[in-house]
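> Test case, fold it:
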Amino acid sequence: GRCRLSGQELRGGLERALRDCCLTLFQAGDGCPSTGTATHIGPEVASAALTGPLRVQPQVVSAAIDDVLHQYLTKIRLNILRWLSECEPAADEVADIADWWLMGAKASLKVLA
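Prediction:
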């Protein structure tokens, strides 16, 4: 049957994946959030937590950051491609995902890169 994943649901999943990416980087740095704060870790907080480790081992930490970001980008690319091919989204849903990427996610990733 036809895919039932709406653009809004896809965007929610992509936003959760970005938060998970930020949390992974935060925990790899100096941060260790309590359970209640884990959902509030954004790119700026994750980047700040990596400042200390980057000073101590810049090449190792930079390579680890690149690896986490690569995994995240690969995952979202595959999810978007699958959604486009299986769900036949409407043009406005595709535009919403493109807006999210261009205006939100891309800026967040620049903070982390």
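> Would you pull up how far the lengthiest helix in the chain lies from the middle of the chain?
Determined from DSSP state H, the single longest helix within the chain is helix 58-87. Average the C-alpha atoms of helix 58-87, do the same for its chain, and the two points are 8 Å apart (CA atoms, centre = their mean, to the nearest Å).
> what packs against it?
helix 7-28, helix 43-56, helix 106-112 (3 or more CB pairs under 8 Å, 6 or more residues apart in numbering; DSSP states H and E). Heads up, the C-betas are built off the backbone N, CA and C, glycines and all.
> Determine which stretch of those is the most buried.
Mean neighbours per residue, mean count of other CB atoms under 10 Å, is largest over those for helix 7-28, with a mean of 18.
> Dump it to PDB, keeping only the CA atoms.
Output of helix 7-28 as PDB, limited to C-alpha atoms (Å, rounded to 0.1, in the frame of the first residue of the first chain):
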ATOM      1  CA  GLY A   7       5.800  15.500   5.500                       C
ATOM      2  CA  GLN A   8       5.100  16.700   9.000                       C
ATOM      3  CA  GLU A   9       5.800  13.300  10.500                       C
ATOM      4  CA  LEU A  10       9.000  13.100   8.500                       C
ATOM      5  CA  ARG A  11      10.100  16.500   9.600                       C
ATOM      6  CA  GLY A  12       9.400  15.600  13.200                       C
ATOM      7  CA  GLY A  13      11.600  12.500  12.800                       C
ATOM      8  CA  LEU A  14      14.400  14.500  11.200                       C
ATOM      9  CA  GLU A  15      14.200  17.100  14.000                       C
ATOM     10  CA  ARG A  16      14.500  14.300  16.600                       C
ATOM     11  CA  ALA A  17      17.500  12.900  14.700                       C
ATOM     12  CA  LEU A  18      19.200  16.300  14.800                       C
ATOM     13  CA  ARG A  19      18.500  16.600  18.600                       C
ATOM     14  CA  ASP A  20      20.000  13.100  19.000                       C
ATOM     15  CA  CYS A  21      23.000  14.100  16.900                       C
ATOM     16  CA  CYS A  22      23.600  17.100  19.200                       C
ATOM     17  CA  LEU A  23      23.100  15.000  22.300                       C
ATOM     18  CA  THR A  24      25.700  12.500  21.100                       C
ATOM     19  CA  LEU A  25      28.200  15.300  20.500                       C
ATOM     20  CA  PHE A  26      27.400  16.900  23.800                       C
ATOM     21  CA  GLN A  27      27.900  13.700  25.700                       C
ATOM     22  CA  ALA A  28      31.200  13.100  23.800                       C
END
